[in-house]
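Visitor: Dropping a prediction and its sequence here:
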Amino acid sequence: QVQLVESGGGLVQAGGSLRLSCAASGRTFSSYYMGWFRQAPGKEREFVAAIRWSSSSTYYASSVKGRFTISRDNAKTAVDLQMNSLKPEDTAVYYCAAKMYGGSFFTATEYVHWGQGTQVTVSS
């Protein structure tokens, strides 16, 4: 069965950086999109970034484009999210997710597999 385990969250000041990692196991992910989503208190879960495993094509929400970078590590079967120039509005629980190709890579409900989430808090 698919397991996704996030790590790397924490508390950082505005303007700082954090790197999240999602360790994936349970199957071969060559036909998968791997995504990062986030959910702030009282808000819906929103798309942050996604990567197509086989081609490493990347996709970003407009709110993070230019500040965040998603990448994959074949050796570790992991997907990382490098977050730079963090803002207080980036504060949320960040989730790693996986889905097979097809449909929309930015729609949370299309993702079947989810990690437990990791808290990111950006202080002003």
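Guide: Yep, that arrived.

Visitor: Residue 55: neighbour count?
Guide: Close neighbours of residue 55, defined as other CB atoms under 10 Å, add up to 8. (Glycine included, C-beta is placed from N, CA and C.)

Visitor: wait, what's in contact with the residue lying closest to residue 111 once chain neighbours are set aside?
Guide: Spatially, and ignoring its direct neighbours in sequence, residue 111 is nearest to residue 97 (3.8 Å; CB to CB, 6 or more residues apart in numbering). Going by CB atoms under 8 Å, 6 or more residues apart in numbering, residue 97 touches 4, 34, 35, 36, 37, 108, 111, 113, 114, 115.

Visitor: What's the local residue count around the second one?
Guide: The one in question is residue 34. 24.

Visitor: And it, how close does it get to residue 81?
Guide: According to CB to CB, to the nearest Å, residue 34 stands 10 Å off from residue 81.

Visitor: any common contacting residues for those two?
Guide: Joint contacts of residue 34 and residue 81 (CB under 8 Å, 6+ apart) are 22, 70.

Visitor: hmm, back to that, how near is the residue nearest to residue 111 to residue 104?
Guide: Counting by CB to CB, the gap from residue 97 to residue 104 is 12 Å.

Visitor: ditto for residue 11
Guide: Distance of residue 11 to residue 104, computed by CB to CB: 32 Å.

Visitor: Check residue 16 too.
Guide: As judged by CB to CB, residue 16 and residue 104 stand 32 Å apart.

Visitor: residue nearest the centroid of the chain?
Guide: Nearest to the geometric centre of the chain sits residue 36, at 2.1 Å (CA atoms, centre = their mean).
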